[in-house]
Structures are given as structure tokens and as C-alpha cells.
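Engineer: have a look; sequence and predicted model below, questions after that.
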Amino acid sequence: MSYSAFGLVEVLGPANAVIVTDQMLKVAEISYVTQDTKCGGHVLVFVTGSVSSVIAAVEHVRENATCEICASAVIS
């Protein structure tokens, strides 16, 4: 399996993680990989796809946040 880029978005709470994941999947042609829950209820969502699609999805969530985005990154 080959990936072009990974997108990571950290939010507070699993319900917010579902909302953020839904927004990203609707905006760009990306795939959901997994999520990781950390201390204090912080949830890190991982997505993958082409570099341009992942950047578009992560930027869309940052600009149109329905909840607090603790951190985000794109790794290519």
C-alpha cells in the first residue's frame, strides 16, 4: 500500500473527531486511516490521500471548524 500524504487533526472528544472526519471526507478525495485517543480526551484523526487532497481537507477543517482544533499537520 502506498500513501502520498498523511493528514492529522487533533480535537477534544470522540464526538468532535467524528464530525471533523466527516467534514474532511466530504471535502476531498481522501481515505480515513485511524484515530488515536490520548490523555484528557484528545483524539488524533489520521487520513491519507494525494498531497493536494489532504492539504485541502485539513485546511477546510481548520478554516471552517465546528469545534476547537487543538493541532493539525500534513506530512508528505
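Structural biologist: Sure, I can see it.

Engineer: in stretch 66-76, what's buried?
Structural biologist: 69, 72, 74 (16 or more other C-beta atoms under 10 Å). Yep, even glycine has a C-beta here, placed from its N, CA and C like the rest.

Engineer: nope, stretch 8-27 is what I was after
Structural biologist: Buried, per 16+ other C-beta under 10 Å, within stretch 8-27: 8-11, 16-17, 19-21, 23-24, 27.

Engineer: repeat that for stretch 44-56.
Structural biologist: In stretch 44-56, counting by 16+ other C-beta under 10 Å, buried: 44-49, 53-56.

Engineer: quick one: low-confidence ranges for this protein?
Structural biologist: 1-3 (pLDDT under 70).

Engineer: spatially central residue in it, please.
Structural biologist: With distances taken as C-alpha atoms, centre = their mean, residue 9 lies nearest the centre of the chain, 4.0 Å away.

Engineer: SS state for the closest residue in space to residue 19 that isn't next to it in sequence?
Structural biologist: Nearest residue to residue 19 in three dimensions, chain neighbours excluded: residue 66, at 5.7 Å (C-beta to C-beta, 6 or more residues apart in numbering). Following DSSP: H, G, I helix; E, B strand; the rest coil, residue 66 is assigned to coil.

Engineer: next up, the contacts around the residue nearest to the centre of the chain.
Structural biologist: Residues near residue 9 by C-beta atoms under 8 Å, 6 or more residues apart in numbering: 20, 24, 44-45, 47, 58, 61, 69, 71-72.

Engineer: all set now, cheers.
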